[in-house]
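**Q** Got a predicted structure plus its sequence, pasted below:
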Amino acid sequence: MNRQNTSSSEDENVQRIREYLQQPEARERIQRYMRDVQSKATVTTSGAARIFGFGEQQLRDWEKKGLISTERTSQEGKETRGHRQFTFDELNKLAIIKELTKEGNFTPAEIPAMVDAIWREVMGSEEQQTQIEARDEQTALDPELPIIQHIHRARAQLFLRFYASHALRLALMLIAEDVPGNTVGLLLPMRPQAWQQQVTRSEDLYLLGETLLGWLTRSRSTHTLFTRNPSFEYSTDYRIHSLCALANDKPTDETPVDRTYIIVRRDASPLTLSAEVVETISALLAPLYEDADKVIEYFGPNMNDALESSPDLNNTHMYPDLLLDNLANMIVRHGGYVDRKQRWRFCCILLPKESDRPLQQRTLVVRAQSANSPHKVGVASVSPGLDLNSLSLRAYQSGEVCYRDKIAPEDSVIAFQDVEHPVNAAIAIPIGAEDGEPEAVIYVTSEWEGAFSRVQDRCILRLLGRMVGEVIRTYRVRLQTVEKLGNILRHPDVVDDLIGEFFSENKFIHDMEEFLQNFKNQMKQSALASTSTNNESKPEHSEEYLISLMGVDVDHLSSYALKYGERAVRNLCHEIGLRIKGELASTFRMYPGCKFYHIYADRFFIVLRNVPFDQLIAKARLLKKSLDGPYKINLFSSLPPAPGSLEEIKITVRLSVSAYNETTLTRLFEQHPDESSVYREYEAIERALATELKKGMSDGGNQIRIWNPTTRSYERLEES
């Protein structure tokens, strides 16, 4: 009974304290106490007693009862006996206790040890309600924007939202290299008042206020969030570090503390970060702090319009691209200032004009640039024929960063000295060269010598180059996604337009099943007719071959793919298909109804109707002779070939040939009299062709394997 009364009394005290702390005057006094504490160093028990007007013995009694707690200080690994100090959090709790005992008429016995949690709950709820009221008020004042203004607002927000998410992703991935497979977060407090205090516990993240959050999951997906009160449902699951050089979770002395915080799971291995990584991350995130007001506006709680940018990069002289132009401006911004002038003068992003040409023949055209560039987008270019020494071309063709820290006025590495003057340092960074062929080049100049000598600057440029590369690739994919949409409706089964002009495997299956089904129906009709006339003798089957098939494969195709690339092999298969098509129109013109099908890769099937066996052998020889030999192939695209892009490739092919007369087909159906017989017979016919093509490959290729009706087996057809 006494226990129940005590519990009820405690609940009443908690409710009374919550109601009291909701009073504006009480909250203001507590915050004033806390600000006063923040201006003072950590204090001992006597110091805390002086600040708040409590007795030292009183504080010791409260500590014994668990209302507050202190820590012994240590120096150089040795405990300082007899001196306890209040942490920042405990001093805050004392500020709350002071208000409750002095102004709220609460006794220490009525105050629970978790009074600081009640305070955080009250402050969080109050701030959230204030934000809702402010948002509702703003909505009432601001009428719905017209459509065009919606679009303008989305365009204004596009770049910063893009840069924030991508800079956070790069920063998170740099950190994650030390903790692979673990969740990592970055917290960027956006208000200056939060930068003046240090948060050391994940329970106190709410003190950061408005915060931009980058979150990397174990699947390596990233999320960019904005929160006004960062917190975790279970804060003990995570630990927090300031962004600084770390060795096994311990800050090193020589690296200053950054305003950014790192979050990792409590069970993650100790974190180690080099000073170079911290410096790079700080540089990447610095523009977000500089534009904190815009970050708060663009990532705030209001609904934002979505803008999907996908311009034609060959037309940016008419319609400049927001992302690439702003990335060029951001690159210049990262150069910093010297004597109040930007250290890096301007930036251009150049893309190849003719991607189907060989790498050494491509002209680079300025497709985006920063504000101070003297060039004209879509017009300024460097070509191998005129500007071979250009720094941009050198970087593009070599796949390496090229820079000059000192440039003479007559140096030819600057293609447009007269326009770009003064240029005393320049750098060119290829984009996408990590995976092979570069996609673009970033070109940056400076009036100061040695402007690109710092390794850190080149690291930042490389990271920003990754952003540029992603934008370019994204634009191309988005444009490809909407190209020729009408073709999907007209030809839903054709994906590759180049090979899609030939009949496909689907068509082959349909035609074969239709033929076999018709033959099966004729068999049934013949059987019924035979029964109705009581004719016990079986009808004589014609020896004419009703259907014949040829399979075609290219010998050693994988070696051509390794030598010339998959695009060249695709173009080769297209040329083979065209040659087969020509042969059907000439060599096989006496046998109407012949069709050929592209099955996959280099495999083709040809279906012939009512061809005598001796003619089948002769036609197979002629077809192989036609398909063997040289082909002139475009190595770089399926478009009209550029000069020097054609390569002569000599190939040989192997053929497998099978023929089926009425007797053979009847025997096949007699083996499978069930309802699935048509599918089974098709599968047997297709498998026989494929098996013989494979045997031909194992036997060295360059041959014809043909069904011998006498021996009832496949044999290699000897050359005539």
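**A** Okay, I see it.

**Q** how far away is R259 from A286?
**A** Note on R259: its distance to A286, by Cβ to Cβ, to the nearest Å, is 10 Å. From N, CA and C alone the C-beta is placed, and that goes for glycine too.

**Q** Then R169?
**A** Distance of R169 to A286, given as Cβ to Cβ: 16 Å.

**Q** do the same with L528
**A** L528 is 88 Å from A286, where distance means Cβ to Cβ.

**Q** So for the two, which residue has more residues nearby?
**A** Ranked by neighbour count (other Cβ atoms under 10 Å), L528 and A286 place A286 first, with 16 against 10.

**Q** so V179 sits in a strand?
**A** No - going by DSSP: H, G, I helix; E, B strand; the rest coil, the assignment for V179 is coil, not a strand.

**Q** Got phi/psi on the residue lying closest to it once chain neighbours are set aside?
**A** Using Cβ to Cβ, 6 or more residues apart in numbering and skipping the chain neighbours, the partner closest in space to V179 is A268 (5.3 Å). With angles defined as degrees, to the nearest 10, A268 sits at phi -70, psi 150.

**Q** Now do the helices in the stretch 51-200 of the chain.
**A** Per DSSP state H, counting those that start in this stretch, the stretch 51-200 of the chain carries helices over the ranges 56-65, 88-102, 115-141, 147-176, 192-195.

**Q** Please identify the most buried of the ones you listed.
**A** Ranked by mean neighbour count, those are led by helix 88-102 with a mean of 21 (mean count of other Cβ atoms under 10 Å).

**Q** picking that back up, got CSV for the helices of the stretch 51-200 of the chain, with mean pLDDT and distance to S626 too?
**A** Shown next, in CSV, are the helices of the stretch 51-200 of the chain (pLDDT from 0 to 100; distance: least, Cβ to Cβ, whole Å):
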stretch, mean pLDDT, distance to S626
helix 56-65, 85, 98
helix 88-102, 85, 87
helix 115-141, 61, 75
helix 147-176, 87, 54
helix 192-195, 80, 78
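
**Q** Please dump these into TSV; it should also carry distance to N708 for every row.
**A** What follows is these, written out as TSV (distance: least, Cβ to Cβ, whole Å):
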stretch	distance to N708
helix 56-65	102
helix 88-102	92
helix 115-141	85
helix 147-176	64
helix 192-195	87
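
**Q** For V382, find the nearest of those.
**A** Closest to V382 of the helices of the stretch 51-200 of the chain is helix 147-176 (Cβ to Cβ; 26.8 Å).

**Q** which secondary structure elements does that closest one contact?
**A** strand 184-189, strand 211-216, strand 222-227, helix 275-290, helix 292-298, helix 322-334, helix 455-482 (3 or more Cβ pairs under 8 Å, 6 or more residues apart in numbering; DSSP states H and E).

**Q** pLDDT of the fourth one, averaged?
**A** Confidence for helix 275-290, expressed as mean pLDDT, is 92.

**Q** other SSEs contacting it?
**A** Using 3+ Cβ pairs under 8 Å, 6+ apart, helix 275-290 sits against helix 147-176, strand 184-189, helix 322-334, helix 455-482.

**Q** can we see that at 10 Å?
**A** If contacts are counted by 3 or more Cβ pairs under 10 Å, 6 or more residues apart in numbering; DSSP states H and E, helix 275-290 sits against helix 147-176, strand 184-189, strand 211-216, strand 246-247, helix 292-298, helix 322-334, helix 455-482.

**Q** quick one: buried residues of it?
**A** For helix 275-290, the neighbour count (16 or more other Cβ atoms under 10 Å) marks 277-289 as buried.

**Q** now do the last one
**A** Residues of helix 455-482 classed as buried by neighbour count (16+ other Cβ under 10 Å): 457, 459-461, 463-472, 475.

**Q** rewinding a little: what's the closest of the helices and strands packed on helix 147-176 to K406?
**A** helix 455-482 (15.8 Å).

**Q** Which strands or helices does the closest one pack on?
**A** If you count contacts as 3+ Cβ pairs under 10 Å, 6+ apart, helix 455-482 packs onto helix 147-176, helix 275-290, helix 322-334, strand 346-352, strand 364-369, strand 402-404, strand 425-431, strand 440-446.

**Q** How many residues are close by L557?
**A** 18.

**Q** Excluding sequence neighbours, find me the nearest residue to it.
**A** D602 (4.9 Å).

**Q** Got the domain ranges for the protein?
**A** 2-128, 150-298, 313-482, 500-717 (automatic domain parsing).

**Q** Could you pull up the contacting residues of G55?
**A** A49, D61 (Cβ atoms under 10 Å, 6 or more residues apart in numbering).

**Q** Distance check, it against W62.
**A** Per Cβ to Cβ, G55 is found 10 Å from W62.
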